[in-house]
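Asks: With the input below, show me the fold.
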Amino acid sequence: MSAREERLGQAFVELADTLVGDFDAGEFLYGLSHRCVELLDVDAAGLLLADPSGALRVVASSSEEAHLLELFEVQNEEGPCLECFRLGAPVAEGNLERSDRWPQFRDVAVAAGFRSVQATPMRLRDEVIGALNLFRSKPGRLDPADVALSKAMADVATIGLLQERSVREARLLAEQLQVALNNRVVIEQAKGVLAERGGLRMDAGFELLRSFARSHNRRLADVAAELLSGAVDIEELGSPD
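Replies: Numbers count the residues shown, from 1 in each chain. I've put the predicted structure just below:
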């Protein structure tokens, strides 16, 4: 195995490993930008991801020049990465100095020392979550092998990020469900206390708890817990209507 093949294999292992307990999305994307420069015929790379509102945000860059250029692109809403994200398809320009595309971006990119650019969408089926920008200091498009490799890296990173997000959301949903179940147990126990000590029917006890919680701007489960602990007396709850 050649050194490049070994680095390539390591890169894909890193991109696929998003389910570790201490996963850091920022570090993950920073690593991707540097792996692109290491493995492809490019001089810099930048990554933009969509925030919950759908607006692109600069999340990682391999160099300060690339970072500033990506910020300029987002702030001025002009450039290959934005076009790539909107189209959900690759965008390339082999000679920025002679191009009429993205005039503001073009001037800033050339001033920063870049002469060509390749943007690849971070996409899984119909969902586009961002874009990968690859910059070169010389004119000319990336060769097909590097284009294919950049797409593969972007695809694996996208799958990893979406998978991690799904696991995180599933974990949050499970935690919320457990809290809801725990609260329900506490409320049922409080209803039992009201039935036993206050001589109330279960449904009347629930309405008493609910009315007290609402009138005091409290959570129902908190009032029930305080009744069980003795922090709230049955008499404080008032009487059922």
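Asks: how about low-confidence regions in the protein?
Replies: 1-25, 167, 239-241 (pLDDT under 70).
Asks: how about the helices in it?
Replies: 3-16, 25-39, 64-76, 80-87, 103-111, 144-198, 202-215, 220-229 (DSSP state H).
Asks: Counting by contacts, list what the last one packs against.
Replies: For helix 220-229, the contact count by 3 or more C-beta pairs under 8 Å, 6 or more residues apart in numbering; DSSP states H and E identifies helix 144-198, helix 202-215 as packing neighbours. From N, CA and C alone the C-beta is placed, and that goes for glycine too.
Asks: Between helix 144-198 and that helix, find me the angle.
Replies: If you take axes from the mean of the first three to the mean of the last three C-alpha atoms, to 10 degrees, helix 220-229 sits at 40 degrees to helix 144-198.
Asks: quick one: helix 220-229 to helix 202-215, angle?
Replies: In terms of direction (the same axes, to 10 degrees), helix 220-229 departs from helix 202-215 by 110 degrees.
Asks: For helix 220-229, buried residues please.
Replies: Leu220, Ala221, Val223, Ala224, Ala225, Glu226, Leu227 (16 or more other C-beta atoms under 10 Å).
Asks: Now Asp146: closest residue in space that isn't a chain neighbour?
Replies: Nearest non-adjacent residue to Asp146, counting by C-beta to C-beta, 6 or more residues apart in numbering: Leu40, 4.8 Å away.
Asks: what bridges to Trp131?
Replies: Rather than Trp, residue 131 is Ala. Leu48, Pro121 (DSSP bridges).
Asks: so it makes contact with Gly79?
Replies: No - counting by C-beta atoms under 8 Å, Ala131 stays clear of Gly79, with 9.8 Å between them.
Asks: show me what contacts the closest residue in space to Glu73 that isn't next to it in sequence?
Replies: Computed as C-beta to C-beta, 6+ apart, the closest residue to Glu73 that is not its neighbour in sequence is Gly79, at 3.5 Å. Taking C-beta atoms under 8 Å, 6 or more residues apart in numbering, we find Gly79 in contact with Phe72, Glu73, Trp102, Phe105.
Asks: contacting residues for the first one?
Replies: Applying C-beta under 8 Å, 6+ apart, we find Phe72 in contact with Gly79, Gln104, Phe105, Val108.
Asks: quick one: Gln118 from Glu236, how far?
Replies: 69 Å (C-beta to C-beta, to the nearest Å).
Asks: I meant Ser63, not that one.
Replies: Ser63 sits 65 Å away from Glu236, going by C-beta to C-beta.
Asks: Glu64 now?
Replies: 63 Å.
Asks: re the thing from before, got the phi and psi for the residue nearest to Asp146?
Replies: Dihedral pair for Leu40: phi -110, psi 160, per degrees, to the nearest 10.
Asks: Pick the one among the buried residues of helix 220-229 closest to Leu56.
Replies: Nearest to Leu56 out of the buried residues of helix 220-229 is Ala221 (C-beta to C-beta; 40.4 Å).
Asks: list the contacts for that closest one?
Replies: Ala221 touches Asn183, Val186, Ile187, counting by C-beta under 8 Å, 6+ apart.
Asks: contacting residues for the closest residue to the last one other than its chain neighbours?
Replies: Going back to what we said before, that points to Ile187. Take Ile187 and drop its neighbours on the chain: the residue closest to it by C-beta to C-beta, 6+ apart is Ala224, 4.6 Å away. If you count contacts by C-beta under 8 Å, 6+ apart, Ala224 has them with Asn183, Val186, Ile187, Gln189, Ala190, Lys191, Leu209.
Asks: Give me the buried entries from these.
Replies: Neighbour counting with 16+ other C-beta under 10 Å marks Asn183, Val186, Ile187, Ala190, Lys191, Leu209 as buried within the contacts of Ala224.
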